[in-house]
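*Asks:* sequence and predicted structure, then a few things I'm wondering about:
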Amino acid sequence: MGVGRCMRGYLVRLALTWEAKACLLLSATVVLLLCVLQRDQTHLQLLHVSDVPRELPQVSTEGAGVEASMRESTSEDSVTRRVLPGCPSTPPHLRGKLEVEENVSVSEAEARHGLGVRPGGFSWPLHCVARWSVAIIVPYRDRQYQVGTFLNHMHSFLQRQQLNYSIYLIEQEGTDLFNRARLLNVGFLESRKEGPWDCYAFHDVDMLPENDYHLYHCSAQPRHLAVATSNTKYRTYNFKYYTYYGGACLMTEAHVRKVNGWSNIYWGWGGEDDDMWRRIAFADMSVWRYPSHYARYKTLQHKPQPVNNNRYQILERNTGRYHTDGLNSINYTVKAFTRHPLYTHILADIGSSWNNSLTHLSTSEMHRESSQ
Ligand code: BGC
């Protein structure tokens, strides 16, 4: 009897223990399953987040109806773009060496490119998400005859590179000496309002790339683009001088801000690009270049411009000046901001050269000379 009770008691405890063990095992399995499910869910979310493409740059709310339609299509497109794959690292439709067609009028360029470009000169690939967004900033005055040729060439070039880009033409108001660097600062600040853009291309209107493998992507360091140009028979910058930084270059916003943009005090032709080279060096950066068979440019003919013969004296006084002369000191007024079918036009009042004593060290030295 005693033994029987004892045995029953033992069996009940054993059963309980087994039950408890089974329970424990079951709970552990459920917890494990939940963990695995949760992890997969997180993993899926992560994949999803990393697949979401970068947004298009926002479009300015300034201006009239064109901007409104632009904004609508931009937001539609950015929704569509969420399901698109990223563009390949090597764009598939590059041609290599390009011919430059000259004397194309703006209306002719519009007829050719109107469908692929949004008002204001915005464009992006339709079937994939661009790896880079680039603001093309073009300073000019009295060069309307080159604008059509530039737009015609550049839209094809940039589209084949599958970039998300826009072209800004920054025109200097008035008849004072030309100040390329101030216009570049204006272009950076105004286009930045519609960005941010990954890269800013500071680009002359008469410089046309002749090989589309010369990709307009930013590099870790500022990049000089116009390495070999037709006006010097494609002899490279070494033929001119090693620190040549003219014609066209590419910089990220971080690069531009690190050097406080371009100097505002170079009026007339020359010097501002040399000054930028020095800024880059002062800021402990260096300039990168692609080989000259890619970085090749056709230069368009133009009338001579007044040369700034004081530029080397101004340059010599550069040491440290870049902290106070540049983006943080420019004064300008946007007189007109217009969306054209293939570009955004910004007419700017950038002030007067006569407020700048360094420019007029010796005004008699301002000659009308050829820029090359
Ligand atoms: C000027 C630069 C210009 C270069 C062209 C220099 O003397 O200062 O602004 O880009 O010549 O060769």
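*Replies:* Sure thing, it's come through.
*Asks:* the residue of the stretch 1-150 of the chain found nearest the ligand: what's its closest spatial neighbour, skipping adjacent residues?
*Replies:* Residue nearest to the ligand within the stretch 1-150 of the chain: Pro139 (13.1 Å; CB to the nearest ligand atom). (Glycine included, C-beta is placed from N, CA and C.) Distance criterion CB to CB, 6 or more residues apart in numbering; nearest residue to Pro139, sequence neighbours excluded, is Leu183 at 3.4 Å.
*Asks:* and the helix or strand where Leu315 lies, what's buried?
*Replies:* Using DSSP states H and E, Leu315 maps to helix 311-316. By 16 or more other CB atoms under 10 Å, the buried positions in helix 311-316 come out as Arg311, Ile314, Leu315.
*Asks:* from Glu194, how far off is the residue of the stretch 201-350 of the chain at minimum distance from the ligand?
*Replies:* Proximity of the stretch 201-350 of the chain to the ligand (CB to the nearest ligand atom) peaks at Gly246, 3.0 Å away. For Gly246, the distance to Glu194 (CB to CB, to the nearest Å) stands at 26 Å.
*Asks:* tell me which of those two has more neighbours.
*Replies:* Gly246 (23 against 20; other CB atoms under 10 Å).
*Asks:* would you say the more buried one is within a helix?
*Replies:* No - counting by DSSP: H, G, I helix; E, B strand; the rest coil, Gly246 is not found in a helix; it is coil.
*Asks:* wait, it sits on Ala226?
*Replies:* Yes - Gly246 is within contact range of Ala226, at 6.6 Å (criterion: CB atoms under 8 Å).
*Asks:* need the overlap of contacts for these two.
*Replies:* Asp204 (CB atoms under 8 Å, 6 or more residues apart in numbering).
*Asks:* show me the helices in the stretch 51-200 of the chain, by range?
*Replies:* 65-81, 106-113, 144-160, 180-192 (DSSP state H, counting those that start in this stretch).
*Asks:* just give me how far the third one sits from the chain centre.
*Replies:* Relative to its parent chain, helix 144-160 has a centroid offset of 17 Å by CA atoms, centre = their mean, to the nearest Å.
*Asks:* mind listing what's buried along it?
*Replies:* Buried-residue list, helix 144-160, by 16+ other CB under 10 Å: 146-160.
*Asks:* contact partners for whichever residue of the stretch 51-200 of the chain sits closest to the ligand?
*Replies:* Nearest to the ligand, among the residues of the stretch 51-200 of the chain, is Arg180, at 8.6 Å (CB to the nearest ligand atom). Arg180 makes contacts with Pro139, Tyr266, Glu272, as judged by CB under 8 Å, 6+ apart.
*Asks:* returning to that earlier point: for the residue nearest to Pro139, what are its contacts?
*Replies:* By CB under 8 Å, 6+ apart, Leu183 lies in contact with Pro139, Tyr140, Ile170, Glu171, Gln172, Ala348, Ile350.
*Asks:* Tyr213 in helix, strand or coil?
*Replies:* Secondary structure for Tyr213, judged by three-state DSSP, is coil.
*Asks:* grab the nearest non-local neighbour of it.
*Replies:* Tyr294 (5.2 Å).
*Asks:* tally of neighbours for the nearest residue to Ser191 once chain neighbours are set aside?
*Replies:* Leaving aside its chain neighbours, Ser191 sits nearest to Ala135 (3.9 Å; criterion: CB to CB, 6+ apart). Neighbourhood size, Ala135 [other CB under 10 Å]: 26.
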